[in-house]
Every structure is written in structure tokens, then in C-alpha cells.
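[1] here is my input; please provide its structure:
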Amino acid sequence: MTSAPADRGDLARFPDDWETALAIVAHPDDLEYGAAGAIASWTAAGKKVAYLLATRGEAGIASMAPEEAANLREAEQVASAAIVGVTSVEFLDHPDGLIEYGLPLRRDFTAAIRRHRPDLVVTFNHHETWPGPRWNTPDHRNVGRAALDAVADAGNRHLHTDIGPAPWEGVRYAAVAGSPSATHAVDITGTLDTAIASLEAHRAYLDGLGSGNWMADARGLLTAMAQSAGERYGGRPATAFEVILC
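    Numbers count the residues shown, from 1 in each chain. From the prediction side, this is the model:
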């Protein structure tokens, strides 16, 4: 895989020569904090997107027992995905907050890529920091890195030979949401409100953050993110990605 060098110049238009995507992230709400506006735009254009989450988000609400939080957050993610036109949502059982990079994680993601056979794999920021910068979490770093590595694993018939289906070499692009090295963007002028609604569907999670937490302000945060990306994309509200050629 290679990616174009990133700077603070204009963002390029996101490639549109693909039909199916698999989004691989760590937690319920990860896609809503960076990619949902683009996903809504893609599904509206007839593209097919599926979600794979490494955890059920059981450690994400401090005031709630993990078992209760897992069931609630899973339901909120399914509802949130439906708002942006995604009906295929799968959950793995890696431990929220304690995901480790390694062969078991790569194996799970490889199996999903071979099963879904996407043209595009979307994941979340695998870098050490967020734009800002702020320190990123181990879950995000490990899942993002494993998802990118699994793209190559999925196409190699000599790896993970005990899992099916057949190897898949058809991934053309990987796209990293929330990356500090963004290269491309999707115009979300028509889907920003949909993206906001999809984040607001994580009501228990947002309420658990508290009203004073900046991450709980779905409209304010996503609007600011869209405007920031838009400054590098012709002034239009946008979702930015680091695009990697596979």
C-alpha cells in the first residue's frame, strides 16, 4: 500500500470508482464521529456499505455496568447505521478498551474482508495522535492498523488458510477517517444533518458523557469538523479521509 504525502493544501476528491465498502472500527460511535456524512452520501448514490465493530462498547459508559452498556450500545449502533443507509452491522467480542494488535485481530478482520469482498475498506485513525494534536487511544490505533494489514492478509492465499471464504484481492482503496494526514474529502452538503442524526442516535453514550463534554454536542462538533475539512475542499462542508491505494 502507498499513500500520497499529506500537507495542509487542498484535499482531493474522494475516488468514486468503487461499489462496495466495509467499515472496520473499534467501537459503536467511531464511524459517527468522522465518517457517517460520507457514508450517507455513498449509500444515497447506490453504493453498498457494511459495518464491522471489534467491540460492543461495553466500557464506554462510566455509570453503566458493562453487560448493560454492551446491549444498549449495540442497539444504538444498529439504529444509527440505519439512519445513513447501512443495514449490515456485525460485532466481534474483543474487549472494549483492551484491544491488542496481533494475529487474532488480523485474522478476524481478514475473515470479514474475504466474506464481504469490498472494493473499499474504511477504518478509523490508527495514528498516535488526532488532528490538534491529541493522543489517540490504543483501541483506535490497534484496530486501524490491523484493518489495514488485513487488507493484504485477505488477498494472500497462503495466510489464514483455515478460514474461508476464498482470498480476496479486490480492495482498491483504504480510507482512514479522523486521520491527521488527510488527503481526500467527500462533499457532505446534503448529508450533514443525516450525520448529526446518526451520532445523536447514540443517546445513552452522549448522555453518559455529560452536557458539558464537547464530544456530547453532536451538531456543534460535526458542523465544526465539516467546516474545517471544507476549508481545504472549496468551502463546502466535507468529511476528510486519508486515502491509501491498495
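[2] what are the buried residues along the longest strand seen in the chain?
    Of all the elements of type strand in the chain, the one with the most residues (DSSP state E) is strand 238-245. Neighbour counts over strand 238-245 (16 or more other Cβ atoms under 10 Å) mark A238, T239, A240, F241, E242, V243, I244 as buried. Every C-beta, even on glycine, is put in place using the N, C-alpha and C of the backbone.
[3] again with stretch 129-141
    If you call a residue buried by 16+ other Cβ under 10 Å, then stretch 129-141 has these buried ones: W130, P131, N136, D139, H140, R141.
[4] what of stretch 33-43?
    By neighbour count, with 16+ other Cβ under 10 Å as the criterion, the buried positions of stretch 33-43 are Y33, G34, A35, A36, G37, A38, I39, A40, S41, W42, T43.
[5] spell out the residue ranges of the strands in this structure.
    Using DSSP E, strands in the chain cover 2-3, 12-13, 20-25, 48-53, 88-91, 120-124, 129-130, 134-135, 173-177, 184-187, 238-245.
[6] is it possible to get a markdown table of the ones you listed that adds mean pLDDT and distance to V151?
    Below are the strands of the chain laid out as a markdown table (pLDDT from 0 to 100; distance: least, Cβ to Cβ, whole Å):
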| stretch | mean pLDDT | distance to V151 |
| --- | --- | --- |
| strand 2-3 | 41 | 13 |
| strand 12-13 | 98 | 21 |
| strand 20-25 | 99 | 10 |
| strand 48-53 | 98 | 13 |
| strand 88-91 | 98 | 17 |
| strand 120-124 | 98 | 6 |
| strand 129-130 | 95 | 23 |
| strand 134-135 | 94 | 26 |
| strand 173-177 | 98 | 6 |
| strand 184-187 | 98 | 17 |
| strand 238-245 | 98 | 9 |
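[7] redo the ones you listed as JSON lines? Include distance to P167.
    JSON lines is the format used below for these (distance: least, Cβ to Cβ, whole Å):
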{"stretch": "strand 2-3", "distance to P167": "21"}
{"stretch": "strand 12-13", "distance to P167": "30"}
{"stretch": "strand 20-25", "distance to P167": "15"}
{"stretch": "strand 48-53", "distance to P167": "18"}
{"stretch": "strand 88-91", "distance to P167": "20"}
{"stretch": "strand 120-124", "distance to P167": "15"}
{"stretch": "strand 129-130", "distance to P167": "34"}
{"stretch": "strand 134-135", "distance to P167": "36"}
{"stretch": "strand 173-177", "distance to P167": "17"}
{"stretch": "strand 184-187", "distance to P167": "27"}
{"stretch": "strand 238-245", "distance to P167": "19"}
